[in-house]
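I would like the atomic coordinates for the input below:
(one chain, ligands or ions: 2)
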Amino acid sequence: MFKFELLKTAKDSKARLGKITTNHGEIETPIFMPVGTRATVKTMTPDELKEIGSQIILSNTYHLFLRPGTEIIEKAGGLHKFMNWDKPILTDSGGFQVFSLSDNRKITEEGVHFRSHIDGSKMFISPEKSIDIQNILGSDIIMAFDECAPYPASHEYIDDSMRRTLRWAKRCKEHHKNIDNQTLFGIIQGGMYKDLREISAREMVDMDFKGYSIGGLSVGEPLDLMNDILDFTTDFMPENKPRYLMGVGSPDYLFEAVERGIDMADCVLPTRIARNGTVLTHKGRIAIKNAVYKEDFSRLDEDCDCYTCKNFSKAYIRHLFNVDEILGMRLATIHNLYFLLQTMKNIRDSIKGDYFLEYKNDFYKKFGYK
Ligand SMILES: CNc1nc2cc3c(=O)[nH]c(N)nc3c(CCN)c2[nH]1
Ligand SMILES: [Zn+2]
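Numbers count the residues shown, from 1 in each chain. Ligands and ions are numbered 1, 2, ... in the order given. Below is the predicted model:
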């Protein structure tokens, strides 16, 4: 079962409030999705993820296909059972990871030949193979197999890549048609070229997917270029279907995306930076390993009531990082994820109460954004 309800659109921006219903529960949008690439959101237990407010998590076809392999997950009864997560799961199709992780890959019409980044063995993923793997994983929302083109890239390269991704999307839709309980999203490409974005969006919308991602962004381009392409592209996307911006992001990227009509986003940022001691706070980012926190017994963030902020000081967390104690990474991860998830809840409340732009400006001033 899959349903998207558009509950409200802001008067002074394209920000919108929505609700997605899946077999594994409801998702209030706009939503940030923590990334659990290899069937775990690093250092977090499922209960801790629920405790901080995670409504849905991401996992990944490429990684799970390589390790532990689909046979084991199939024997476990699917990914929800394997990782003991009973809420919604979205899996990415492996396209992005093949291009960003493996080398000497060869793109053909059929699919992508590449070497495993683990042991160098020869591998191949096609649109059909990606759908089959995601079907075995049993995720609630699955992605079409696409090429996330590099940035920068020529208009010619992006044109070829985008049209091949359209042909792959058609094959994914064909191959997926009799798989119930899973919802397939199309991925709009087109690089930083508005004419190609328009073609991709129109053709994807004609294929009538139940939701759409905007791919090929957050690939190193400046924020204002991403915003410009995003603002242009969302205008071609149906109002009554979810819009998912892939690979975003930090608080400012999330605010900018919501303002331009995005409902869903995912990023490894909060969990990745937490593991090296970078903490998101309402006064900007702090590097907790810094000696300045040696005797600072205040909580990470005065305005945060997460488990970490309620129970531990900066000095203690700095100590944990300094002596390489795993608890340090866990406490920083709990805080960073809670910070982003709470910010998204505040964003939903601000759309509900018609003060989204005020909330954004207030947050930017405190966080130190321009
Ligand atoms: C960090 N930036 C970023 N950009 C992405 C683009 C795609 C993209 O264009 N396609 C796919 N399939 N995934 C993407 C991802 C992975 C999302 N978890 C991206 N991540
Ligand atoms: Zn906190």
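
all helices in the stretch 1-150 of the chain, in order from the N-terminus.
46-51, 61-66, 70-75, 79-83, 95-101, 127-137 (DSSP state H, counting those that start in this stretch).

could I get those as JSON lines with mean neighbour count and mean pLDDT?
Glycine gets a C-beta too; all of them are placed from N, C-alpha and C. Shown next, in JSON lines, are the helices of the stretch 1-150 of the chain (neighbours: other CB atoms under 10 Å; pLDDT from 0 to 100):
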{"stretch": "helix 46-51", "mean neighbour count": "15", "mean pLDDT": "98"}
{"stretch": "helix 61-66", "mean neighbour count": "23", "mean pLDDT": "95"}
{"stretch": "helix 70-75", "mean neighbour count": "14", "mean pLDDT": "98"}
{"stretch": "helix 79-83", "mean neighbour count": "18", "mean pLDDT": "98"}
{"stretch": "helix 95-101", "mean neighbour count": "20", "mean pLDDT": "86"}
{"stretch": "helix 127-137", "mean neighbour count": "23", "mean pLDDT": "97"}
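
nearest to ligand 2, of those helices?
Set against ligand 2 and scored by CB to the ion, the helices of the stretch 1-150 of the chain come closest in helix 46-51, at 12.2 Å.

how about that closest one and ligand 2, any contact?
No. Looking at helix 46-51 against ligand 2 by CB under 5 Å from the ion, there are no contacts, and the closest approach is 12.2 Å.

tell me the gap between that helix and the middle of its chain.
18 Å (CA atoms, centre = their mean, to the nearest Å).

and stretch 226-246, by the same measure?
Centre-to-centre, stretch 226-246 and its host chain are 15 Å apart (CA atoms, centre = their mean).

now stretch 43-59
For stretch 43-59, the distance to the chain centre is 14 Å (CA atoms, centre = their mean).

surely Arg38 is in contact with Arg67?
Yes. Counting by CB atoms under 8 Å, Arg38 touches Arg67, with 7.1 Å between them.

between these two, which is the more surrounded one?
Ranked by neighbour count (other CB atoms under 10 Å), Arg38 and Arg67 place Arg38 first, with 15 against 12.

quick check: residues of this protein near ligand 1?
Contacts of the chain with ligand 1, taken as CB under 6 Å from any ligand atom, map to 58, 92-93, 95-96, 143, 146, 148, 187, 215-216, 218-219, 246-247, 266.

try it again with 8 Å
35, 58, 60, 92-97, 100, 143-149, 187, 189, 213-219, 246-249, 266-269 (CB under 8 Å from any ligand atom).

contact partners for Asp172?
If you look again at residue 172, you'll see it is Cys, not Asp. 93, 127-128, 130-131, 144-145, 184 (CB atoms under 8 Å, 6 or more residues apart in numbering).

specify the angle between whichever strand or helix holds it and helix 127-137 in degrees.
For Cys172, the host element (DSSP states H and E) is helix 155-176. Orientation check (axes from the mean of the first three to the mean of the last three CA atoms, to 10 degrees): helix 155-176 against helix 127-137 gives 50 degrees.

which element follows helix 155-176 toward the C-terminus?
Assigned by DSSP H and E, the successor of helix 155-176 is strand 183-188.

pLDDT averaged over the longest helix along the chain - what is it?
Identified as the longest helix of the chain according to DSSP state H is helix 326-352. For helix 326-352, the mean pLDDT works out to 98.

is that helix positioned near ligand 2?
Yes. With CB under 5 Å from the ion as the criterion, ligand 2 is reached by helix 326-352 at His335.

up against ligand 2, what does the stretch 201-350 of the chain have?
304, 306, 308-309, 335.

just flag the most distant two among those.
Cys304 and Thr308 (8.0 Å; CB to CB).

identify the contacts common to these two.
335, 338.

show me which of these two is the more surrounded one.
Taking neighbours as other CB under 10 Å, Cys304 and Thr308 compare with Thr308 leading, 26 against 18.

what about the more buried one, which SS state?
Secondary structure assignment for Thr308 (DSSP: H, G, I helix; E, B strand; the rest coil): helix.

now the helix or strand where Asp266 lies, how far from the chain's geometric center?
Using DSSP H and E, Asp266 falls within strand 264-267. Strand 264-267 has its C-alpha centroid displaced from the chain centroid by 3 Å (CA atoms, centre = their mean).

likewise for stretch 106-121?
24 Å.

what is the rounded mean pLDDT of that stretch?
On average, stretch 106-121 scores 93.

if we go by neighbour counts, what in it is buried?
Within stretch 106-121, the residues scored as buried using 16 or more other CB atoms under 10 Å are 111-114, 117.

could you pull up phi and psi at the residue of the stretch 51-200 of the chain found nearest ligand 2?
Nearest residue of the stretch 51-200 of the chain to ligand 2: Ile52, at 9.2 Å (CB to the ion). Dihedral pair for Ile52: phi -90, psi 0, per degrees, to the nearest 10.

residues in contact with the closest residue to it other than its chain neighbours?
With CB to CB, 6 or more residues apart in numbering as the criterion, Ile52 has its nearest non-adjacent residue at 4.3 Å, and that residue is Tyr338. By CB under 8 Å, 6+ apart, the residues touching Tyr338 are 52-53, 304, 306-308.
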